[in-house]
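return a 3D structure for these sequence lines:
(2 chains)
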Amino acid sequence: METDKLIQRLADGSEPVRPLPRPWLRMATWLALAVAYIALVVYVVSPRDDLLAKLRDLRFCIEEIAALATGIAAAVAAFASTIPGSNRRLLLLPVLPLMVWLGSLGQGCIEAWIRLGPDGLSLQPDWYCVPAIVLVGAVPAIAMAVMLRRGAPLTPHKTVALGGLAAAGFGNFGLRLFHDQDASIMVLVWQVGTVLVLTALAAWTGPRILNWQAVLAGARGDVR
Amino acid sequence: MEDRALAMQMRAVQAGDGQAYAALLRTITPRLRQIIRNQQQFLQPADIEDLVQEVLLSVHAVRATYDPERPFLPWLMAITQNRLADSARRYARRAAHEVQTETLPVTFSEDMANSQSGTYGDSEALRQAIQALPRGQRQAIEMLKLREMSLKEAAASSGLTIGALKISVHRAVIALRKALKKE
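Model prediction:
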């Protein structure tokens, strides 16, 4: 087809489109859904018995806020990465809260080692974390994928990895509200480890979720 | 090309104005052509035009991602550069699987490609192997392979369904291959 004919067909079939809201607003929509779902899961599974006491524990609060902030920052970065011409530095947004999260857990490990010696860093299997984080992060992850597919697939690996980090970060935030595992080394290895593995998996599946072929299939339909 | 004017046209495009859309695309097309020609000098004119069209389709597909309060050109250039990088990757992948040669060989060099079908020459053994097939399979082979009838013609002549003929000929080929390998 000649380019001029293509232009005419695109123009003839032109329909109004609603511009996508800014990444912060899209994140707020996603956040509302994710928080509602996590609240439901925590209610159904029933919150841990010592939750009120834990809310007065500074380390627990820092780690929960850092997990939540990592999820929020990753969600903003993921949405921004689907907007052509947006500032690429936004992709680094989750780095700071992630460092705080890892730093707090690292400090917890060091304190446990000083207090208890090598026993303070002993690891036991805690496979429960893996399906629990997947369960809590599942609906936020699906919502994230649906929302990301409305954007431009400019950087599929990075975008979906950030989306995965957001959902898994929220998954871990929710998990700690009903799973009473607070030993820093266990949280670091089993919970943050699961979050990072899920993020890597998301990065790997990126081009299957976001790709130009799928986006252009719709556009080609418009010019037929 | 003034960004403010283009941004205004793009806002009209998002509101569904077809005339503004045609004008905007006609304004950006020569610019896109020039960028693509400058960056991918090895491309033929037809390939350049294909890429221009792909960028235009990409712009169309993601036009909702344009923020009406932001400049237009950085948005357009981000899409263009992304599509060009994509095309360069595709080109590199294709080139990695291509072998440049002056004269094309009659067949591929791998042993797998030069199977028995090319070297087998004992027509008497083949005739006997066909005779030894069950009746249905023999009939299918005779009609579809020896007399080169179409599936439709063979079905009409034998009264069998196309599916049954396909199965028979498939089984017959496997049986023949086995029989001829033994010899």
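
what residues does chain A put near chain B?
Of all the residues in chain A, those in contact range of chain B (Cβ under 8 Å from any Cβ of the partner chain) are A:1, A:3-4, A:6-8, A:10-12, A:14-20, A:22, A:82-86, A:150-152, A:154, A:212, A:215-216, A:218-220, A:222-223. Where C-beta positions appear, they are placed from N, C-alpha and C, glycine not excepted.

rerun at 7 Å
Taking Cβ under 7 Å from any Cβ of the partner chain as the test, the list of chain A residues beside chain B reads A:3, A:6-8, A:10-12, A:14-20, A:82-85, A:151-152, A:154, A:212, A:215-216, A:218-220, A:222.

for B:T65, phi and psi?
With angles defined as degrees, to the nearest 10, B:T65 shows backbone torsions of phi -80, psi -10.

count of neighbours near residue 90?
Let's take chain A. For A:L90, the neighbour count with other Cβ atoms under 10 Å in any protein chain shown is 18.

sorry, I should have been clearer: chain B.
Using other Cβ under 10 Å, B:R90 has 10 neighbouring residues.

which residues sit against the helix or strand containing it?
Applying DSSP states H and E as the criterion places B:R90 in helix B:73-96. For helix B:73-96, the external contacting residues (Cβ atoms under 7 Å, 6 or more residues apart in numbering or on different chains) are A:84-85, A:152, A:154, A:212, B:3, B:6, B:28, B:32, B:35-36, B:39-40, B:51, B:54-55, B:58-59, B:62, B:66.

with stretch A:64-74 instead?
Applying Cβ under 7 Å, 6+ apart, the contact partners of stretch A:64-74 are A:27, A:31, A:93-94, A:97-98, A:100-101, A:104, A:162, A:165-166, A:169-170, A:172-173, A:176.

in that stretch, which of the residues would be classed as buried?
By 16 or more other Cβ atoms under 10 Å in any protein chain shown, the buried positions in stretch A:64-74 come out as A:64, A:66-74.

out of those residues, the closest to chain B would be?
For the buried residues of stretch A:64-74, the residue nearest chain B by Cβ to the nearest Cβ is A:A74; the value is 19.3 Å.

so which residues of the chain form helices?
No chain was given, so I picked chain A. Using DSSP state H, the helices of chain A run over residues A:3-12, A:23-45, A:51-54, A:58-80, A:95-116, A:129-148, A:156-178, A:184-186, A:193-209, A:212-223.

other chain: chain B
Under the criterion DSSP H, chain B carries helices at the ranges B:3-14, B:18-39, B:45-61, B:73-96, B:116-119, B:123-131, B:135-141, B:151-158, B:162-182.

would you single out the least confident of the ones you listed?
Set side by side, these differ in mean pLDDT, and helix B:116-119 is lowest with a mean of 53.

what parts of chain B come near chain A?
Counting by Cβ under 7 Å from any Cβ, the residues of chain B close to chain A are B:13-16, B:18, B:21-22, B:25-26, B:29, B:49, B:52-53, B:56-58, B:60-68, B:74-75, B:78-79, B:82, B:86.

hey, which of the helices of chain A is tucked in deepest?
Between the helices of chain A, helix A:156-178 has the highest mean count of neighbours, a mean of 26, where neighbours are mean count of other Cβ atoms under 10 Å in any protein chain shown.
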